[in-house]
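Asks: give me coordinates for this.
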Amino acid sequence: MADQRSYEEQEAMDAYFNGEDFDIPIDSAPVTKPVSHAVKNRTPSGKRSRQAALGRRILATLCVITVIGLVGGIAIYISVSRNDGAKHAEKLSMSMGASVSDAQKVSKIELLDGSKHSLLNQLMQPVGGVYESTKSAEVQGVTLPEWIIHCDVDDATLGEIRYYNFELLEKNAYGTERKTYLDPASLTAGCTVEQAESILGLEPYAVIYHTDRTETREYRYCYEDGETGNLTAYIITTRWSAEGGMISAEDVRVDFLSQILGLGQQIVE
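Replies: Next up is the predicted model:
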């Protein structure tokens with residue numbers, strides 16, 4: 001019996017080494033694989049804690065950035081609002097005919113008895129009510145507010161309102177620089193302010209709100225004459241109905257040079 005078993009085992013071994021199929025003896029001991037005792041991947045409590053702390057820091061940073069952005073945006077808005085003279089003048093014009101105190105409440109601005117710039121007080125007679133920019137512009141060596149609103153006041157009642165944008169004259173006292181002549185005939189009667197200013201490519205130097213709800217807008221510009229090479233300056237004056245349509249547009253050439261040189265003027269001894 002032992003010889004028979006030995007013979008079968010020998011045959012199995014020969015078949016294995018010869019690449020032949022063979023049957024494993026029934027009583028052969030199976031090969032037992034070692035049992036893996038590896039622990040499933042689990043996030044340690046310390047790692048979870050670090051991740052939570054990182055998340056909180058990121059959230060806090062985003063909150064701080066958001067708050068800074070909001071504060072900065074509000075500050076910019078307030079700054080722009082305080083220095084937007086054109087909008088202030090337009091809002092004031094809605095209260096023409098009302099008492100000065102009521103007009104100030106509606107427009108949320110306080111009119112002063114005069115400008116902080118003495119030169120303007122001399123030019124604006126009577127002074128009336130004044131509201132001006134806190135920022136400065138320098139025109140021909142003279143320091144002025146970037147813009148000023150000058151209101152007529154009669155018996156504590158708000159009258160005509162005039163707005164001047166001195167900042168436009170800071171780069172060139174003759175007005176906005178353009179490449180060529182701007183023909184006011186290019187403006188069509190009945191067009192809106194936005195349409196007219198888009199065609200001209202100019203901002204108004206002055207806007208006058210009349211008590212009958214009509215408006216006058218003045219635009220100043222200059223260009224270099226192609227034939228003479230001299231600087232040429234013009235003022236375009238437009239008039240607007242109470243409904244907002246343009247009534248007329250005309251221009252005048254301004255001879256600033258003669259005023260500067262004083263030609264033809266009598267010299268006072």
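Asks: got phi/psi on D155?
Replies: Dihedral pair for D155: phi 50, psi 50, per degrees, to the nearest 10.
Asks: what sits against it?
Replies: Contacts for D155 (CB atoms under 8 Å, 6 or more residues apart in numbering) come out as none. Any C-beta I mention is one placed from the backbone N, CA and C, and that applies to glycine too.
Asks: tell me the pLDDT of V130.
Replies: Looking at V130, its pLDDT reads 96.
Asks: list the buried residues of stretch 88-108.
Replies: Of the residues in stretch 88-108, 88-93, 95-96, 98, 100, 103-104, 107 count as buried by neighbour count, 16 or more other CB atoms under 10 Å.
Asks: ditto for stretch 233-242
Replies: By neighbour count on 16+ other CB under 10 Å, the buried set for stretch 233-242 is 233-238, 240.
Asks: from those, which ones fall inside helices?
Replies: In helices, judged by DSSP state H, none of the buried residues of stretch 233-242 are found.
Asks: okay, and which of these map to strands?
Replies: With strands taken from DSSP state E, the overlap with the buried residues of stretch 233-242 comprises 233-238, 240.
Asks: of the residues you listed, closest to A185?
Replies: The closest of those to A185 turns out to be I236 (CB to CB; 10.9 Å).
Asks: how about the buried residues of stretch 233-242 in a markdown table, adding pLDDT and distance to W147?
Replies: As requested, those are arranged in a markdown table below (pLDDT from 0 to 100; distance: CB to CB, whole Å):
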| residue | pLDDT | distance to W147 |
| --- | --- | --- |
| A233 | 96 | 21 |
| Y234 | 97 | 22 |
| I235 | 97 | 18 |
| I236 | 98 | 19 |
| T237 | 98 | 19 |
| T238 | 98 | 19 |
| W240 | 98 | 20 |
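Asks: per-domain residue ranges of this structure.
Replies: 75-170, 173-264 (automatic domain parsing).
Asks: make CSV from those domains and add distance to L59 to it.
Replies: Shown next, in CSV, are the domains of the chain (distance: least, CB to CB, whole Å):
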stretch, distance to L59
domain 75-170, 25
domain 173-264, 45
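Asks: least reliable of these by average pLDDT, please.
Replies: Minimum mean pLDDT among those: domain 75-170, a mean of 89.
Asks: for the stretch 51-200 of the chain, which segments count as helices?
Replies: With DSSP state H, counting those that start in this stretch, the ranges of helices along the stretch 51-200 of the chain come out as 85-93, 100-107, 118-123, 193-200.
Asks: sorry, back to before: out of the domains of the chain, which comes closest to I68?
Replies: Here domain 75-170 is closest among these (CB to CB), at 10.5 Å.
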